[in-house]
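K.L.:
Fold the following and give me the result.
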Amino acid sequence: MPTSVPGPAAQRWAAAILAVEALALFVVAGWEVVALAGGDTDDAVSSLALIVLTTIGAVALAAFAVAVARGQSWGRSGGVVAQLLLLAVAFGAATGPTPSPATALLLAVPAIAGLVVLVVVTRRAAQRRE
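P.N.:
Sure, this is the predicted structure:
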């Protein structure tokens, strides 16, 4: 009796979620640039470092999205790690010194969706190798 294997739609969804997350990080990096240019920072060097790190994260997420769309395992692995990191940030937003449940929810929902879809795609890839 054959098992039901999810189609390439799951792969497209996983790539799309990663791409939207990458776009969101690029927007955050742009917001940081505007804050730096407007003098809305306490330490320009730290702000510049944060911009660079945010941009690197956005580029990594974009690369994971492309890799997942192409069926490459390293993209799925990186995507899973990124979703787990995003869940950790969401947990921190919910439980930190100034909790923000709305922010935590905004971060956790796409992270959970991305994690679920990436696990489905990973299982599908493993079933194809059998």
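K.L.:
Quick check: the gap between Val119 and Gln11.
P.N.:
Distance, Val119 to Gln11, by CB to CB, to the nearest Å: 12 Å. Just so you know, the C-beta spots here come from the backbone N, C-alpha and C atoms, and that holds for glycine as well.
K.L.:
between these two, who's got more neighbours?
P.N.:
Gln11 (21 against 15; other CB atoms under 10 Å).
K.L.:
which ones are touching the more buried one?
P.N.:
When contacts are counted by CB atoms under 8 Å, 6 or more residues apart in numbering, Gln11 touches Val68, Ala69, Gly71, Val121, Arg124.
K.L.:
Burial check on Ala62, number of neighbours?
P.N.:
Here the number of neighbours of Ala62 (other CB under 10 Å) works out to 17.
K.L.:
now it, nearest residue through space, not along the chain?
P.N.:
Ala22 (4.0 Å; CB to CB, 6 or more residues apart in numbering).
K.L.:
What's the local residue count around the one you found?
P.N.:
By the measure other CB under 10 Å, the count of residues near Ala22 is 21.
K.L.:
In terms of helix, strand or coil, where does it fall?
P.N.:
helix (DSSP: H, G, I helix; E, B strand; the rest coil).
K.L.:
Show me the shaky parts of this structure.
P.N.:
Across the chain, the ranges flagged by pLDDT under 70 are 1-7.
K.L.:
Could I get the full set of helices for it?
P.N.:
For the chain, applying DSSP state H gives helices covering 8-37, 44-69, 73-95, 101-129.
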